[in-house]
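>>> Quick one, fold the following:
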Amino acid sequence: MAINFYGKHKMAGVNECFSIGSIVMCTNCFDEEIEGEVLGFEPTTKMLILKCQSTSSNPLLNNINIVNLAFAKDVQVKKESTFNPPPLPSLNLNRLKNRIKTQIQDKKRQISAMSANVSPEAQKLYLTITKTIPEVSWQGQNIVVYDHVIISPPYKAENVKGTGNPEDKAILYIKNIVEKHVKDSAVHQVSSTTHRSKSATAAATSQSQ
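Residues are numbered from 1 along each chain as shown. Model (predicted):
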């Protein structure tokens, strides 16, 4: 939701104006009164964001309420603010576009990995390789890298083959990726098993007490 942090806003059908930092009292369609400090307002959808007193016992916390003024019965400005917020920093559009492009590519790789009729281990290896090498595809159950390096089941370093020289740098590089992936997966599996074992032991001890 876009939030306008500047100036005063006048709602259609409501004879009250308010500015950021003002204290506003709203009565919604359920006759509930909501009072708080104005944090933002989206005039198109008439959404008002209020920082209200916390309903918890912690005085350091606040409730944030979003009120649809199109359905509000009454809006009153109890205290007008004279605070002028600083201008927002400009957005780096190129960085945002690159981030979107990267996320789309990641999603496509994930879809490609999951669409292949292979084991979860093979899918994880595929995604690991695509983090550094974009030229990766499936050929049946084989992972094909750079169009000439093939990783066949069970996807170990010794299953990395190439159509050219066995000492090809690309083949050696991919073997290293596969070796590291297998080691990291083994460490992660041991760590997860240990954690589950400790959690089960702690739960059993707690129940026996």
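>>> top strand in this structure by residue count?
strand 33-42 (DSSP state E).
>>> Mind checking what helix or strand follows it in sequence?
Per DSSP states H and E, the first helix or strand lying C-terminal to strand 33-42 is strand 47-53.
>>> ok, that next one: who's next to it in the sheet?
Sheet partners assigned to strand 47-53 using DSSP bridges are listed as strand 33-42 (antiparallel), strand 62-68 (antiparallel).
>>> Tell me which of those lies nearest to Val77.
Among the strands paired with strand 47-53, strand 33-42 comes nearest to Val77, with 8.9 Å by C-beta to C-beta. The C-beta positions use only the backbone N, C-alpha and C, and glycine is treated the same way.
>>> For that closest one, what is the distance to the chain centroid?
27 Å (C-alpha atoms, centre = their mean, to the nearest Å).
>>> before we move on, what about stretch 155-171?
A distance of 36 Å separates the centroid of the chain from that of stretch 155-171, by C-alpha atoms, centre = their mean.
>>> so the helix or strand containing Met25 versus strand 33-42, what angle?
Using DSSP H and E, Met25 maps to strand 23-27. Using axes from the mean of the first three to the mean of the last three C-alpha atoms, to 10 degrees, the direction of strand 23-27 lies 110 degrees away from that of strand 33-42.
>>> Report all helices and strands that strand 23-27 contacts.
Using 3 or more C-beta pairs under 8 Å, 6 or more residues apart in numbering; DSSP states H and E as the contact test, the elements touching strand 23-27 are strand 33-42, strand 47-53, strand 74-79.
>>> want to try JSON lines for those, with mean pLDDT, mean neighbour count and distance to Ile171 as columns?
JSON lines is the format used below for these (pLDDT from 0 to 100; neighbours: other C-beta atoms under 10 Å; distance: least, C-beta to C-beta, whole Å):
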{"stretch": "strand 33-42", "mean pLDDT": "89", "mean neighbour count": "18", "distance to Ile171": "56"}
{"stretch": "strand 47-53", "mean pLDDT": "90", "mean neighbour count": "18", "distance to Ile171": "57"}
{"stretch": "strand 74-79", "mean pLDDT": "87", "mean neighbour count": "14", "distance to Ile171": "70"}
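>>> Same list (those strands) but as CSV, adding distance to Gln141.
Formatted as CSV, the helices and strands packed on strand 23-27 follow (distance: least, C-beta to C-beta, whole Å):
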stretch, distance to Gln141
strand 33-42, 51
strand 47-53, 51
strand 74-79, 63
